[in-house]
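Asker: following is a predicted model, sequence given first.
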There are 2 protein chains.
Amino acid sequence: MADPISMPSTGPTASVIESLKQVVGAQGWSTDEAERRSHATDWIGRFFVDPLLVLKPSTTFEVSEIARICNDNGLKVVPQGGNTSLACGSIPTGQGDEVIVNLSRLNRIRNIDMFNDTISVDAGCTLASVQQAAEEADRLFPLKLGSEGSCQIGGNIATNAGGTNVLRYGTMRDLVLGLEVVLADGRILDGMRALRKDNTGYDLKHLFIGSEGTLGIVTGAVLKLFPMPSTAVAAVCTVPSLQSALDLLVLCKKHGGESLTTFELMPRAGLELVFKHFPSTRFPLGELQDWQLLIEFRSNDGEERVRELFETILSQAFEAETVIDAAIAQSIQQNKDFWALREGLAEADFMEGAVITTDISLPLSAVPVFMDACSRAVLAIVPKGRVVAFGHLGDGNIHFGLLQPLGSDSEQFLSRSNEIQSIIHTMALSMQGSMSAEHGLGFVKNDAVAQYRGQVEHDLMLTMKAALDPKSTLNVGKVLTIENGALSACNT
Amino acid sequence: MADPISMPSTGPTASVIESLKQVVGAQGWSTDEAERRSHATDWIGRFFVDPLLVLKPSTTFEVSEIARICNDNGLKVVPQGGNTSLACGSIPTGQGDEVIVNLSRLNRIRNIDMFNDTISVDAGCTLASVQQAAEEADRLFPLKLGSEGSCQIGGNIATNAGGTNVLRYGTMRDLVLGLEVVLADGRILDGMRALRKDNTGYDLKHLFIGSEGTLGIVTGAVLKLFPMPSTAVAAVCTVPSLQSALDLLVLCKKHGGESLTTFELMPRAGLELVFKHFPSTRFPLGELQDWQLLIEFRSNDGEERVRELFETILSQAFEAETVIDAAIAQSIQQNKDFWALREGLAEADFMEGAVITTDISLPLSAVPVFMDACSRAVLAIVPKGRVVAFGHLGDGNIHFGLLQPLGSDSEQFLSRSNEIQSIIHTMALSMQGSMSAEHGLGFVKNDAVAQYRGQVEHDLMLTMKAALDPKSTLNVGKVLTIENGALSACNT
């Protein structure tokens, strides 16, 4: 992670800035230093460089005009939604004359179609406002993130956001049917189709989803809605091993099918910290084991049936000795209490001390071997470090982290972040995993992409960048490390 | 649809052909005229032009070598799987010196991962063989097509195949986790990742899925597997209107969630032909109405519960007068009998006479207005034509067809195909629909893409083609109509 630095920008002609201001009108720009700085600082306080100005367009056409003017005049565009990126994806990083294009004024719910189960929205809608609009129509928009009150749909799409409902509903990519995108040169790609089946040539939208604003600026989207499940019942289980956890997952899928919504891993070390730092939490079972699971089914079958489903699964699991102990929530309050354990894990870590975190994913069958091997590897480097590995086991996404040794120096420990992360990432790659499951690359992991994706894939990514943003205007320095000439070299 | 024609090919140097033969070895090529002609004829008998030779590589490396040699020497590559395209997507069409690269010898199941619920396969595996491998592992690979015994996974991916399970499991695109692709110049893109979450830069696989072999040759894939539902219960219902059918769909989703697997529309005119041409079929309800539905839920809940679910839904539907009559299958045999009605629709049409068919999709809320308006429009042109519109109502995909008037001349009727299809397509487009929901564009609809996708999207498609296949080698003339200079013009 780069340290906060500040670099001066060289200035473009005043007339270009004047044109940009005219596009958005008086409400749509600011050159105020405090506001510039606030938009150029990410939510964990990282700041690299001041933008020339912050633009807040209120229509797709204004975004298009901004892109065109910047593209014509050599200004760099940094698209910004709720600025909740964990990878410095939405702040200037010193790539030239950078302009922040903040989309928060594009915040209309355009349309809800109750029969098609779709919602069309502006990119600047917060995730929470889309969830709420869906709920008012008795539908579910299933993307669920900690930052949902401030993160925006455009950012969710640009980063292919994940969260806690991926096991059942997929990532953001799986929830998008149509997309409106402003291209680097200002052209507007209108793909706001609400169709579940459409085979008329290349699927362009998936190129923009997850491209972190480097290939286009998402301005609108048509999203899938789902029936709202009326019942949610969670359970906490202890299991004798990670392999048993996988065996239990097979049983849950077999009997519960798509109603299995949550299958989260909670380690002993992590829960001990939750109990320490959140004294109101308590463990619902007798004895804490190395591995606990939070499992939830959601359906419209009624609570009794979901409990029966749990009982069917757990009785088979007890017999097969894949479960040591289990508690099924008996009330909504107990369900919340169970979730509080899972939700407290990340925060309890940070409250305990300095943490080196990762966001890896693996084929599920590789998880037990990975956890063992990776723990040994990092403890060989930091013998008294505390491994806390938790996360979305059901979809193979583990936040494998290392907490500083008790009584050690935080800064000294964090100075080894790159080294430790590299060990964890390399281990994940060696087992066909990913070093960025849901957080994206942004500016902090962009140099790893060549190593991870291999030469041909990396070359193709450069080819795509060159094809869609030949002047290298959009979110430059994010996702790809573009050295001088790299783009022109691949643009043959 | 183009008439069968035969055009002579001008020959490349014998040495290039010799190199290609050497790559695949004695088992891997044929210049035999009968075999060439057989591979150059699609399954409904269309034939345009003879290929130079038919190559049957047995490894990804051989495919790569073939692509490289063809790309270096100006030969065109026609990738071919099971050759079941409905759009002439996998046969030569006279674009120069064409070589068929048939993938049927790449037919290994590479790996099944029971905990990750994934299967890795060669592109030449038939769909049926993948379904079977999944079933042997007590898993479901849900893609289901009429041609599953002969169509191949590579073709399913290249065309983003649909079929009867899309409502619940999505199209082929939704079932692919990883992809191995040979690029136009022979480079091998190894993206055989089995991860459900992976945000490490651009998602390249979706560019190849549905590109119909024009951007790369799919040689392998990692596919998702699902729990095998143990219970399937179908019902046949009559509804008073298409709007009632949509209301019923909302109820089915609300109560049944993802267990709703089938929601198919069967019109009076179509079923009358089924009863006429398949005398063993019979209607399970009293009186045939304008619109019937075949609805199926699949789950692991046991038959009793699925029947209860149907009863809950239908009692609400009867009360709201959204259903006229309904029969829930009481046995496996009756389930099959219900399905036979739906499955007989297309064939009964063809047995009755000449049919002009389409493959449109719509936002579901637009279906009632579309059906009414489109019927009027085609009947205004062919007053005694018989509209038979049926299909996957649950996902908005309607096969809207027109049967020749009783006693009319078939050829004269079919000579109006373009005119009639154009009316139907235009109507669908005007309601934000698609003129190719699941069959793709191939060679027969490629000229419609510019109209359908709009200028910016069409330009971007050309940009992608130019970026990935700059010498225009792969399946030329499919998907895009590439006129002289079009590629170089957009390759700026």
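Answerer: That came through, no problem. Numbering: from 1, shown residues only, chains lettered A, B, ... in the order given.

Asker: now do the same contact list for the closest residue to A:Thr60 other than its chain neighbours.
Answerer: Computed as C-beta to C-beta, 6 or more residues apart in numbering or on different chains, the closest residue to A:Thr60 that is not its neighbour in sequence is A:Thr219, at 4.4 Å. From N, CA and C alone the C-beta is placed, and that goes for glycine too. Applying C-beta atoms under 8 Å, 6 or more residues apart in numbering or on different chains to A:Thr219 gives the contacts A:Thr60, A:Val63, A:Leu103, A:Leu106, A:Asp122, A:Ala123, A:Gly154, A:Glu180, A:Val181, A:Val182, A:Ile188.

Asker: and which of those is nearest chain B?
Answerer: The closest of the contacts of A:Thr219 to chain B turns out to be A:Ile188 (C-beta to the nearest C-beta; 6.6 Å).

Asker: ok and the residue in chain A nearest chain B?
Answerer: For chain A, C-beta to the nearest C-beta, closest residue to chain B: A:His206, 3.3 Å.

Asker: just checking, that residue is part of a helix?
Answerer: Yes: assessed with DSSP: H, G, I helix; E, B strand; the rest coil, A:His206 lies in a helix.

Asker: ok, it - how many residues close by?
Answerer: Per other C-beta atoms under 10 Å in any protein chain shown, the neighbour tally for A:His206 reads 22.

Asker: show me what contacts the closest residue to it other than its chain neighbours?
Answerer: Spatial nearest neighbour of A:His206, excluding adjacent residues (C-beta to C-beta, 6+ apart): B:His206 at 3.3 Å. Counting by C-beta under 8 Å, 6+ apart, B:His206 touches A:Asp203, A:His206, A:Leu207, B:Arg173.

Asker: is the first one in a helix, a strand, or coil?
Answerer: At A:Asp203, secondary structure determined by three-state DSSP is coil.

Asker: now the phi/psi pair for the closest residue to A:Ala232 other than its chain neighbours, please.
Answerer: Leaving aside its sequence neighbours, A:Ala232 sits nearest to A:Arg298 (C-beta to C-beta, 6+ apart; 4.6 Å). Dihedral angles of A:Arg298 (phi, psi; degrees, to the nearest 10) stand at phi -130, psi 140.

Asker: A:Arg298 contacts A:Thr231, correct?
Answerer: Yes: between A:Arg298 and A:Thr231 there is a contact under C-beta atoms under 8 Å: 6.5 Å.

Asker: now the buried members of the contacts of B:His206.
Answerer: A:Asp203, A:His206, A:Leu207, B:Arg173 (16 or more other C-beta atoms under 10 Å in any protein chain shown).

Asker: now, the most widely separated pair of these?
Answerer: Within the buried ones among the contacts of B:His206, A:Leu207 and B:Arg173 form the most distant pair, 13.3 Å apart (C-beta to C-beta).

Asker: on that earlier part again, A:Arg298 and A:Thr231: which is more packed in?
Answerer: A count of neighbours by other C-beta under 10 Å puts A:Arg298 above the other of A:Arg298 and A:Thr231, at 24 against 16.

Asker: could I get the pLDDT score of that one?
Answerer: At A:Arg298, the model reports a pLDDT of 95.

Asker: report the beta-bridge partners for A:Ile109.
Answerer: Taking DSSP bridges as the rule, A:Ile109 bridges to A:Val121.

Asker: so who does it touch?
Answerer: Contacts of A:Ile109 by C-beta under 8 Å, 6+ apart are A:Ile119, A:Ser120, A:Val121, A:Asp122, A:Cys125, A:Ser129, A:Val130, A:Ala133.

Asker: which element is A:Glu347 on?
Answerer: helix A:332-352 (DSSP states H and E).

Asker: each with direction, which strands does the following helix or strand past that helix pair with?
Answerer: Later in the chain than helix A:332-352, the nearest helix or strand by DSSP H and E is strand A:355-356. If you go by DSSP bridges, strand A:355-356 pairs up with strand A:397-403 (antiparallel).

Asker: between the contacts of B:His206, which is nearest A:Gly353?
Answerer: So of the contacts of B:His206, ranked by how close each gets to A:Gly353 (C-beta to C-beta), first place is A:His206, at 40.3 Å.

Asker: so what pLDDT did that closest one get?
Answerer: Residue-level pLDDT assigned to A:His206 equals 98.

Asker: could you do the one 10 residues further on as well?
Answerer: Confidence per residue is given as pLDDT, and for A:Gly216 that number is 98.

Asker: give the contact list for A:Val218.
Answerer: A:Pro79, A:Ala123, A:Gly154, A:Ile157, A:Ala158, A:Leu179, A:Glu180, A:Val181, A:Phe208.

Asker: what's the helix or strand for A:Lys384?
Answerer: Using DSSP H and E, no helix or strand contains A:Lys384.

Asker: count of residues packed around it?
Answerer: So A:Lys384, with other C-beta under 10 Å, has 10 neighbours.

Asker: now for it: which residues touch it?
Answerer: Per C-beta under 8 Å, 6+ apart, neighbours of A:Lys384: A:Pro405, A:Leu406, A:Ser408.
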